[in-house]
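> below are the sequence and a predicted model; questions follow.
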Amino acid sequence: MGKEWTVHNPGGSRRVIVTKQLPGNRWLDILVAADCTVEVCESDDVLSVDEITERIGDHCDGAIGQLTEDWNADLFAALKAAGGSAYSNYAVGYNNVDVAGATASGIPVGNTPGVLTETTAEMAAALTLSAGRRVVEADRFMRAGNYHGWLPTMYMGQRFHGKTVGIIGCGRIGAAYGRMMVEGFKMNLVYFDLYANENLEAFVKDYSELLVAHGEAPVTATRLDTIEDVMRTADVVSIHTVLDESTHHLVNAERLALMKDDAILINSSRGPVVDEVALVEHCKTHPEFKAGLDVFEDEPAMKPGLNELDNVTIVPHIASATTWTRQGMATLAAANVAGILQGHPLWTGDDVLPFLDGDFPPYAPSIVNAADLGIN
Ligand SMILES: NC(=O)c1ccc[n+]([C@@H]2O[C@H](COP(=O)([O-])OP(=O)(O)OC[C@H]3O[C@@H](n4cnc5c(N)ncnc54)[C@H](O)[C@@H]3O)[C@@H](O)[C@H]2O)c1
């Protein structure tokens, strides 16, 4: 059965396909202002490569796709053959995109950084508190009618104040989460990343001086040499790396075994960064250990046994799901495609907020293979 597609601005001189309905209107206004006819797939099902290829057809100028779709080299070759010259992922991560394949076809690949950072970090913080303070377990207990009176030992969890938070992948989201935990709970921070995050370290140093000036204990931010050091040291470990070959199963059975028995592991990056089978086993054998997961190895499936564990808090990949962020992502994805189709230059600032309100800036906000394609 063919999927239903809605066509906006049918008289446009350019044709752009969008594989899922997107929130808000600004993204559509941007594409219509760029004289595009916009065709939106109405189905909630994940589109296959064949279905997307079929929709691209003989003539298609650009596409906005989803992280659930396999944007492989064949798909970019099909887009190129249809006269296409612009693609944007509706995500900041692009592990679902064969960027080399897109580059080989001369197709710029956009992503949507800058509007997910705080929102995703907030979900990591929410999962941390939920897991550590057993919020979901206690909610289920209440709903089941099991609360028969206050007890000194009921649902005891972890105190965060003054403990150590560990971050694996301390880029935009990792650093934002780290700051929330340092500022909110006065935690000390350790991190593992391929690069030093000097801004974060400088901020925590200044913040610590402020705390000390007010008679409070200092806090620290320290880059550790190995991921093993972070796993051993931290009371909470939160994962914020990209997913690529270097991070696949970065958290495995051996590294889980290094963590404190009552530690908390949070993953809001991508599912395959954690060996989920090993995590299920670890949570079974370490009842004091807690995990909070937004992402899963075989989404939408979970590894057997995960959903039976009381010490695991699970949500369906909603870390970026605030209205502001999801509309912002749509706006940036549309601005990437419209910007490239209109020959606009690349936006060079880190701050993408000017795209979200007022006049549309005549730039493409974020193209990951711009350097390889000579776009500037
Ligand atoms: N769950 C969600 O809804 C959601 C939302 C937004 C982003 N994400 C995921 O979060 C990831 C991070 O986003 P970001 O905006 O912070 O990206 P970013 O590029 O700013 O940060 C990623 C960090 O990971 C580090 N890194 C890369 N390889 C590593 C390795 N082998 N070991 C240690 N560190 C490594 C990088 O140096 C960088 O500092 C995205 O790639 C995406 O997959 C998930």
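Structure received. Quantities reported herein were computed from a predicted structural model and do not represent experimental measurements. Numbering: from 1, shown residues only.
> give me the neighbour count for the closest residue to the ligand within the stretch 101-250 of the chain.
Here the stretch 101-250 of the chain gets closest to the ligand at one residue, residue 171, 1.9 Å apart by CB to the nearest ligand atom. Yep, even glycine has a C-beta here, placed from its N, CA and C like the rest. Neighbourhood size, residue 171 [other CB atoms under 10 Å]: 19.
> over to residue 186?
18.
> list the contacts for it?
Neighbour list for residue 186: 161-162, 211, 216-217, 219 [criterion: CB atoms under 8 Å, 6 or more residues apart in numbering].
> next: residue 250.
Residue 250 sits in contact with 168, 227, 239, 241, 273-274, where contact means CB under 8 Å, 6+ apart.
> return the distance of stretch 87-96 from the chain's centre.
With CA atoms, centre = their mean, to the nearest Å as the basis, stretch 87-96 stands 10 Å off its chain's centre.
> any bit of that stretch sitting next to the ligand?
Yes: judged by CB under 6 Å from any ligand atom, stretch 87-96 comes into contact with the ligand at 92-93.
> and for stretch 249-268?
Yes: shown here: stretch 249-268 in contact with the ligand (CB under 6 Å from any ligand atom) through residue 268.
> now do the end-to-end distance for that stretch.
14 Å (CA to CA, to the nearest Å).
> name the helix or strand for whatever residue of the stretch 251-376 of the chain ends up closest to the ligand, please.
In the stretch 251-376 of the chain, the residue that lies nearest the ligand is residue 319 (3.5 Å; CB to the nearest ligand atom). Assessed by DSSP states H and E, residue 319 sits outside every helix and strand.
> next one: residue 174
Residue 174 belongs to helix 172-185, assigned by DSSP H and E.
> please pull up the helix or strand immediately following that helix.
Next element after helix 172-185 (DSSP H and E): strand 188-192.
> elements contacting that next one?
Strand 188-192 sits against strand 164-168, helix 172-185, helix 198-213, strand 221-223, helix 227-233, with contacts defined as 3 or more CB pairs under 8 Å, 6 or more residues apart in numbering; DSSP states H and E.
> strand partners (parallel or antiparallel) of that strand?
strand 164-168 (parallel), strand 221-223 (parallel) (DSSP bridges).
> state the mean pLDDT of it.
Mean pLDDT, strand 188-192: 98.
> run the angle between it and helix 198-213 for me.
Compare the direction of strand 188-192 with that of helix 198-213 by axes from the mean of the first three to the mean of the last three CA atoms, to 10 degrees and you get 170 degrees.
> name the surrounding residues that touch strand 188-192.
Here strand 188-192 has contacts from 162-170, 174, 178, 181-182, 197, 200, 204, 219-224, 226-227, 229-230, 233-234, using CB under 8 Å, 6+ apart.
> hmm, try it at 6 Å
164-168, 170, 178, 182, 219-224, 227, 230, 233-234 (CB atoms under 6 Å, 6 or more residues apart in numbering).
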